[in-house]
Structure formats: structure tokens, C-alpha cells
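Novice: my questions concern the predicted model and sequence given below.
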Amino acid sequence: MAGKLAKLLSDLKEPEALAFVEKALGEGVDPMDLLGEAKEAMNIVGQRFASEEYFIPDLVFSGEILKGIVKMLEPHLKKGEEAERLGKVVIGTVAGDIHDIGKNLVVFMLDVNGFEVLDLGIDVPVQKFVDAIKETGTKVVGLSGFLTLAFESMKETMEAIKSAGLRDKVKVMIGGGQITEEIRKYTGADAYGKDAMAGVSLAKQWLGAK
């Protein structure tokens, strides 16, 4: 029985996965064990996405199945268990850019992987990022941008974080269709993610999550 849910979810078998959870709960299986298997499945999905076995629709679908499983498990979890998050991440599309498909996918994947995400939206002014870091105490920030003009906004945002005395308190990742290592160096960010799962990996690494 161990590993069965992880296999069903990672193979994107929605009805079977949900039926399995219902049956397991009826048989008294610990909901935390089922939740652990669901998270393991998301790691497998991430690996399949990275190796191009899965694509964005598969990622989104796996997240929807996970949401269904979590909804079934919630009434059975002791209060506070389901609320245990891996850490906070602040993310937004930088000033001057209104692209949000990539950002939304990163937000979605961070959320289903157990992070508490504050999404600042699109065309986010520099100061709004600084304020959000202060208010949340986050250690991880994501700057998203698709247009080339976003590179300048990312650089300005990094400089504002530094000026506010917060640079050594946060790790910053950038992402977007045209981001390269050269752009990362130009902006002064800590890393760039080529896709949503790379963003999840960076957040886990920086927050010491398994």
C-alpha cells in the first residue's frame, strides 16, 4: 500500500487517486502519511517536467488533483497540521511589465508544494517589494518579468532592497522568458529559474526544506 498514492498522483490518475484516499481514510490510515505521499508525488511530477516527460498542462493538472486530495484530508487532520508551511515567499511581476502567466504558474507550484506565497501581482513598484519584505519577514523573493525593460526594473528593485538594508536577509530569484545568467549578474539577483519547478527547488534550498 505504501507508495500507491504517490504513484497514482504522479501518473495523473485523478479518479483512482481520490478513490484511494477515500478508501484509505475509511481504513484508518494516518492522513499525514497520505499527505506525505502526495508531496512525494509532486516531487516526481517536478522531475518529469524537468526531463520534458510532462508539460505545463500536466503540472497544472497534478496541482488540481493535489488540491482535491488536500480537501479530502483537511477534516481528518489535527488543527494546525495542514497549516504547517515550509516558509514564506514574496513574488511579483516587476514595474513596467504586465505578463503574469509564468508568475502565476510559479505561485501555483509554490503553493501546492507547501509554501505560503504573497503574490504582489503585476507592474509592481519597487517600494512595494521592499515593504512586503519588511511586513512578511520573508527570506525568499521572486521577481518576474518577460519584457527586456523588466531587467532594469529588476536591477532597481535589487538596489532598493539593498538600500533598505534588507539585502543580506533575503535570497532573490528572477524568472521570465528571456532571463539568462548574464541578466542575473546584471540585476544582482542570487539565482534565476528557468521554469516553475526550478523556482520551487530554489525556495526549498534557501529555506532548508526537504
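Specialist: Yep, that arrived.
Novice: which stretches of the chain form helices?
Specialist: Ranges of helices within the chain are 4-10, 14-26, 31-50, 56-73, 101-112, 126-136, 149-163, 181-187, 196-207, based on DSSP state H.
Novice: buried ones in the fourth one, by neighbour count?
Specialist: Read it as helix 56-73. Residues Leu59, Ser62, Gly63, Ile65, Leu66, Ile69, Val70, Met72, Leu73 are the ones in helix 56-73 that count as buried (16 or more other Cβ atoms under 10 Å). Where C-beta positions appear, they are placed from N, C-alpha and C, glycine not excepted.
Novice: so the residue sitting furthest away from the middle of the chain versus Asn43, what's the distance?
Specialist: Ranking residues of the chain by C-alpha distance from their mean position (Cα atoms, centre = their mean) puts Glu27 at the top, at 32.3 Å. Using Cβ to Cβ, to the nearest Å, Glu27 is found at 25 Å from Asn43.
Novice: tell me how this structure divides into domains.
Specialist: 4-76, 88-207 (automatic domain parsing).
Novice: quick one: mean pLDDT over the last one.
Specialist: Yep, that's domain 88-207 we're talking about. Domain 88-207 carries an average pLDDT of 94.
Novice: just the terminal-to-terminal distance for that domain.
Specialist: 9 Å (Cα to Cα, to the nearest Å).
Novice: Leu35: neighbouring residues, count only.
Specialist: Residues within reach of Leu35, counting by other Cβ atoms under 10 Å, total 23.
Novice: may I ask you to confirm that it is in contact with Val70?
Specialist: Yes - counting by Cβ atoms under 8 Å, Val70 is a contact partner of Leu35 at 7.3 Å.
Novice: coming back round to it: for the buried residues of helix 56-73, which one is nearest Gly96?
Specialist: Using Cβ to Cβ, Leu59 comes nearest to Gly96 of the buried residues of helix 56-73, at 27.7 Å.
Novice: who's in contact with the closest one?
Specialist: Leu59 is in contact with Val45, Phe49, Leu105, Met109, Ala196, Met197, counting by Cβ atoms under 8 Å, 6 or more residues apart in numbering.
Novice: show me the contacts for the residue sitting nearest the centre point of the chain.
Specialist: Residue closest to the average C-alpha location in the chain (Cα atoms, centre = their mean): Leu110, at 1.5 Å. By Cβ under 8 Å, 6+ apart, the contact list for Leu110 reads Val89, Ile91, Val117, Gly199, Val200, Ala203.
Novice: one more time with 6 Å, if that's ok
Specialist: Val89, Val117, Val200 (Cβ atoms under 6 Å, 6 or more residues apart in numbering).
Novice: appreciated, that's everything.
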